[in-house]
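Peer 1: 3D model of this:
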Amino acid sequence: MSAVLDQHGHSHGHDDHHHGPPSGLMRWVMTTNHKDIGTLYLWFSFIMFLTGGVLALGIRMELFQPGLQYWNPEFFNQLTTMHGLIMVFGAIMPAFVGFANWLIPLQIGAPDMAFARMNNWSFWLLVPAAMLLVISFFVPGGATAAGWTLYAPLSTQMGLGMDLGIFAMHIMGASSIMGSINIVTTILNMRAPGMTLMKMPMFCWTWLITAYLLIAVMPVLAGAITMVLTDRHFGTSFFNAAGGGDPVMYQHIFWFFGHPEVYIMILPAFGIISHVVPAFARKQLFGYASMVYATSSIAILSFIVWAHHMFTTGMPASGQLFFMYATMLIAVPTGVKVFNWIATMWKGSMTFETPMLFAVGFIFVFTMGGFTGLICAVTPIDIQIQDTYYVVAHFHYVLVAGSLFALFSGTYYWIPKWTGHMYDEGLGKLHFWASIIFFNITFFPMHFLGLAGMPRRIPDYATQFADFNAIASVGAFGFGLSQLIFLVVVLKAIKGGAKVGDKPWEGAEGLEWTVPSPAPYHTFETAPQVK
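Peer 2: Predicted coordinates:
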């Protein structure tokens, strides 16, 4: 800025403000507005969701019948690996950050996020990172095929695609850390007068806790993949037994990141469900304080259960027992949450618009995923089902029917607020029923496949597994195509549809913002000016 101030404080010169805000494409590139950035995150995550979904359909195509149909085994493993990485780091996490950007300033009565320019930067870092992940398919040797966990020593032997993947995850980690610092600072420093922490909406609480988790564990992932990088190119032997290293150490470091990471992907979902259920039950959230404490307990416990992913690595029985019991302990605060949602619905005046359908669907199917998680936590059972399709079924029940359904619920709930238009309720309900039915057709048979011993990450299998795999593949294509309904609903709501006022959910008597917490009165659009 080359403007000069005269003695009256007026500026002369070529100040940006004389030309007004940038328009067209540059508005999106340069924006520091939390709503614009939230929108960018949401569109980015949806594009990545479709990308990761196409890879998943590639997996299910191959597994439709036994034998090798379409892909060679190496490419098949590239599909499984990149499907996992793109869905976790490109779809689920950025989608929740998009919600955080849109809603946190509105819910706490802040004018914007604390660090507006950094907010823009943390979004735009994701785009080159995503491009690196996708481009890795086209370099010599193709994308990495080491699985989304990138286990050494396999990850130390892969081609150039592995380096692109490591670079992409470093960039995404930097983005996550900056976004989290922004969220923590915004929530702790920019709440409206009168809004104490214990009056804050639940979504803000779940994101505050999630942001602390991200700041704690993203550097751990960075450390793990940096050690892989130096083992690959700089002659170190962190994970090479021949040089005095230990491949199992990689697993310890990775899962110390990886287990809190799965809670990073579900805690904001809990926050969204804690807004939707009260609004459509027309009741205050049952047990607000217990929800806050349960969320915090889950976050703390998530740091001491990592080795339940490693029961087959030969750890001593005492270690197995500790990780088994610590894992089971997480069921307690999670159970508190499920109880609270059901108690909120109990004797409420419930209606079942699309957001509520997805929320109730979430509670039912997420609870199933929780139970299979409890089963996986039992050491002797886990030794049998480790690396089988039972585990695949378990984490998809938690991440698809958990994180993804909550994202759908929140989108349908807040899109009238975001666009000023009501979405198409008929299409929304169709999207819900298609999604939940095809989801269960896809992933429920995988429990049986896993119990029968079918290993995951394989392109070919014994004939005994053929029927369940055929069913799962049909379900997967149905589920994938159902998501195009969602795209249509969103585009229709952006373009037009019934106009809504300040209280889109009039039936909920304007409860939508204040119900999840005992919040003070304010507009949620701009912070009240303190006289």
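
Peer 1: C-alpha from now on. contacts and neighbour counts both.
Peer 2: Will do.

Peer 1: How many residues are close by Ser403?
Peer 2: By the criterion of other C-alpha atoms under 10 Å, Ser403 has 29 neighbours.

Peer 1: ok, the nearest residue in space to Ala152 that is not next to it in sequence to Ser237 distance?
Peer 2: Nearest residue to Ala152 in three dimensions, chain neighbours excluded: Pro247, at 5.7 Å (C-alpha to C-alpha, 6 or more residues apart in numbering). Going from Pro247 to Ser237 by C-alpha to C-alpha, to the nearest Å gives 10 Å.

Peer 1: Looks like Thr185 contacts Ala114 (just checking).
Peer 2: Yes. Using C-alpha atoms under 8 Å, Thr185 is in contact with Ala114, at 6.2 Å.

Peer 1: Those two: which has the busier surroundings?
Peer 2: With neighbours defined as other C-alpha under 10 Å, Thr185 and Ala114 compare such that Ala114 has more, 21 against 14.

Peer 1: Please point out which parts of the helix or strand harbouring Leu40 sit buried.
Peer 2: Element membership of Leu40, judged by DSSP states H and E, is helix 34-62. Across helix 34-62, burial judged by 16 or more other C-alpha atoms under 10 Å covers 34-46, 48-62.

Peer 1: for it, packing partners?
Peer 2: helix 25-30, helix 73-85, helix 93-108, helix 116-124, helix 466-495 (3 or more C-alpha pairs under 8 Å, 6 or more residues apart in numbering; DSSP states H and E).

Peer 1: in a strand, that's where Ile177 is, yeah?
Peer 2: No. Assignment of Ile177 by DSSP: H, G, I helix; E, B strand; the rest coil gives helix, placing it outside any strand.

Peer 1: Look up how far Leu407 lies from it.
Peer 2: In this view, Ile177 and Leu407 are 21 Å apart by C-alpha to C-alpha.

Peer 1: now do Ile183
Peer 2: Note on Ile183: its distance to Leu407, by C-alpha to C-alpha, is 19 Å.

Peer 1: Could you do Leu301 as well?
Peer 2: Going from Leu301 to Leu407 by C-alpha to C-alpha gives 24 Å.

Peer 1: Same drill for those two, tell me which one is more crowded.
Peer 2: Neighbour count, other C-alpha under 10 Å: between Leu301 and Leu407, Leu407 has more, with 26 against 17.

Peer 1: After the strand or helix carrying the more buried one, heading C-terminal, what element do we hit next?
Peer 2: Using DSSP H and E, Leu407 falls within helix 405-419. Heading C-terminal from helix 405-419, the first helix or strand you meet, by DSSP H and E, is helix 425-451.

Peer 1: Flag every buried residue along that next one.
Peer 2: Buried residues in helix 425-451 (16+ other C-alpha under 10 Å): 428-429, 431-436, 438-451.

Peer 1: Please state the mean pLDDT value computed over that helix.
Peer 2: Averaging pLDDT along helix 425-451 gives 97.

Peer 1: related to what we said a few turns ago, next, the contact list for the residue nearest to Ala152, please.
Peer 2: By C-alpha atoms under 8 Å, 6 or more residues apart in numbering, Pro247 lies in contact with 152-153, 238-241.

Peer 1: Using CSV, write out the CA atom coordinates for the helix holding Leu407.
Peer 2: Extracted in CSV, the C-alpha atoms of helix 405-419 (Å, rounded to 0.1, in the frame of the first residue of the first chain):
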residue,chain,number,x,y,z
PHE,A,405,-23.8,-38.6,7.8
ALA,A,406,-23.3,-35.8,10.4
LEU,A,407,-21.8,-33.6,7.6
PHE,A,408,-25.0,-34.2,5.5
SER,A,409,-27.2,-33.5,8.6
GLY,A,410,-25.4,-30.3,9.3
THR,A,411,-25.5,-29.2,5.6
TYR,A,412,-29.2,-29.7,5.3
TYR,A,413,-29.7,-28.0,8.6
TRP,A,414,-27.6,-24.9,7.9
ILE,A,415,-27.8,-24.5,4.1
PRO,A,416,-30.9,-22.3,4.4
LYS,A,417,-28.8,-20.0,6.6
TRP,A,418,-25.9,-20.2,4.2
THR,A,419,-27.8,-19.6,1.0
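
Peer 1: any idea how far that helix is from the chain center?
Peer 2: Chain-centre distance of helix 405-419: 15 Å, with C-alpha atoms, centre = their mean, to the nearest Å.

Peer 1: could you give the angle of that helix to helix 34-62?
Peer 2: 140 degrees (axes from the mean of the first three to the mean of the last three C-alpha atoms, to 10 degrees).

Peer 1: I'd like the numbering to begin with 33 instead of 1 from here.
Peer 2: Renumbered: residue one is now 33, and that last one reads helix 437-451.

Peer 1: hang on, the earlier thing: among the helices and strands packed on helix 66-94, show me which one is buried the most.
Peer 2: helix 125-140 (a mean of 25; mean count of other C-alpha atoms under 10 Å).

Peer 1: Run the angle between that one and helix 148-156 for me.
Peer 2: Helix 125-140 and helix 148-156 are oriented at 150 degrees to each other (the same axes, to 10 degrees).

Peer 1: other SSEs contacting helix 125-140?
Peer 2: Counting by 3+ C-alpha pairs under 8 Å, 6+ apart, helix 125-140 packs on helix 66-94, helix 192-221, helix 234-265.

Peer 1: Identify the residues contacting Ile79.
Peer 2: Residues counted as contacts of Ile79 (C-alpha under 8 Å, 6+ apart) are Ala123.

Peer 1: swap that for Asn372, sorry
Peer 2: Contacts of Asn372 (C-alpha under 8 Å, 6+ apart): 317-319, 323.

Peer 1: Which pLDDT value belongs to it?
Peer 2: 97.

Peer 1: Tell me where the model's unsure across the stretch 383-532 of the chain.
Peer 2: Across the stretch 383-532 of the chain, nothing is flagged by pLDDT under 70.

Peer 1: coming back round to it: looking at the helices and strands packed on helix 125-140, which is nearest to Ser329?
Peer 2: Across the helices and strands packed on helix 125-140, Ser329 has its closest neighbour in helix 234-265 (10.1 Å, C-alpha to C-alpha).

Peer 1: Between helix 125-140 and the closest one, find me the angle.
Peer 2: Here helix 234-265 runs at an angle of 150 degrees relative to helix 125-140 (the same axes, to 10 degrees).

Peer 1: What distance do you get for Phe179 to Met281?
Peer 2: Phe isn't right for residue 179; it's Gly. When distance is defined by C-alpha to C-alpha, Gly179 is 17 Å away from Met281.

Peer 1: Tell me which of those two has more neighbours.
Peer 2: Gly179 (19 against 14).

Peer 1: Count residues in the vicinity of Pro491, would you?
Peer 2: Using other C-alpha under 10 Å, Pro491 has 25 other residues around it.

Peer 1: Doesn't it lie inside a helix?
Peer 2: No. Under the criterion used here (three-state DSSP), Pro491 is coil, not part of a helix.

Peer 1: Surely it and Gln110 touch.
Peer 2: No. Applying C-alpha under 8 Å, one finds Pro491 not in contact with Gln110, separated by 11.1 Å.
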